[in-house]
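Undergrad: Let me see the structure of the following:
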Amino acid sequence: MMAINQSYAALSALERPPVAFHFLVTFYVGGVVENPIDIRFQRVSGISADISPETYEEGGQNLFSHRFPNRVSYGNLILERGLMIGSPLAMEFKAALNTFTFLPGNVQVFLLDGNSDPVASWMFLKTYPVRWSISDLNATSNEVVIETMELAYTHFFPVKFF
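TA: As a prediction, this is how the structure comes out:
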């Protein structure tokens with residue numbers, strides 16, 4: 001067991017898989033970082049892309065069907081955190097949902113190392129809110145109220161760091 005720990009310690013930071021618990025989220029509207037207090041979240045999920053294949057059946061060929069890539073589809077970016085009273089981001093989110101007025105912006109999710117330096121990042125383009133909710137209020141539990149914000153986006157791409 002000691003040899004495994006020593007060999008893991010000998011790996012450089014680039015050879016080790018990064019941890020998933022140290023990250024931040026930045027919102028951009030018009031190329032400007034908006035609401036710098038709204039960067040910390042408890043959980044980020046929905047970073048995924050799927051290609052849905054199209055099936056083509058060839059006449060006279062009964063053993064298989066041809067499958068071709070059709071288009072890429074994306075899930076929603078889901079952000080969870082403790083409820084922040086008076087958060088500019090939450091107010092903009094609720095205003096968009098109440099007035100049905102959307103100002104698409106960009107969101108960047110940074111994965112950080114132990115020194116808070118970015119090791120990976122994903123940029124989500126033309127995001128807009130599609131869902132906002134808070135966790136159940138329960139007088140018999142002693143839990144933080146969780147605010148969940150869900151964003152749709154046109155596409156995303158990884159941003160490289162060197």
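Undergrad: Please make it C-alpha for all contacts and neighbour counts, starting now.
TA: OK.
Undergrad: what's the longest strand in the chain?
TA: Looking across the chain with DSSP state E, the single longest strand is strand 118-134.
Undergrad: What is that one packed up against?
TA: Counting contacts by 3 or more C-alpha pairs under 8 Å, 6 or more residues apart in numbering; DSSP states H and E, strand 118-134 packs against helix 88-99, strand 105-112, strand 146-152, strand 155-159.
Undergrad: and if we set it to 10 Å?
TA: strand 23-29, strand 77-82, helix 88-99, strand 105-112, strand 146-152, strand 155-159 (3 or more C-alpha pairs under 10 Å, 6 or more residues apart in numbering; DSSP states H and E).
Undergrad: Is the residue of the chain most remote from its centre in a helix, a strand, or coil?
TA: Distance from the centre of the chain peaks at Gly60, with 45.5 Å (C-alpha atoms, centre = their mean). Three-state call for Gly60 (DSSP: H, G, I helix; E, B strand; the rest coil): coil.
Undergrad: related to what we said a few turns ago, same question for the longest strand of the chain, mean pLDDT?
TA: Average pLDDT, strand 118-134: 92.
Undergrad: And stretch 38-46, by the same measure?
TA: pLDDT averaged over stretch 38-46 gives 87.
Undergrad: Okay, now the unreliable bits of this protein?
TA: Scanning the chain for pLDDT under 70 picks out 1-18, 30-36, 161-162.
Undergrad: mind redoing it with 80?
TA: For the chain, applying pLDDT under 80 flags the ranges 1-21, 29-39, 61, 160-162.
Undergrad: Can I get stretch 120-133 as CSV, trimmed to CA atoms?
TA: This file holds the C-alpha atoms of stretch 120-133, laid out as CSV (Å, rounded to 0.1, in the frame of the first residue of the first chain):
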residue,chain,number,x,y,z
ALA,A,120,-10.3,23.0,-16.8
SER,A,121,-13.2,25.2,-17.9
TRP,A,122,-16.4,25.0,-20.0
MET,A,123,-18.1,27.9,-21.7
PHE,A,124,-21.8,27.8,-22.2
LEU,A,125,-23.2,30.1,-24.9
LYS,A,126,-26.5,32.0,-25.0
THR,A,127,-27.8,30.7,-21.7
TYR,A,128,-31.2,31.7,-20.4
PRO,A,129,-33.2,30.5,-17.4
VAL,A,130,-35.8,27.8,-17.7
ARG,A,131,-36.4,26.7,-14.1
TRP,A,132,-35.9,28.1,-10.6
SER,A,133,-36.8,26.3,-7.4
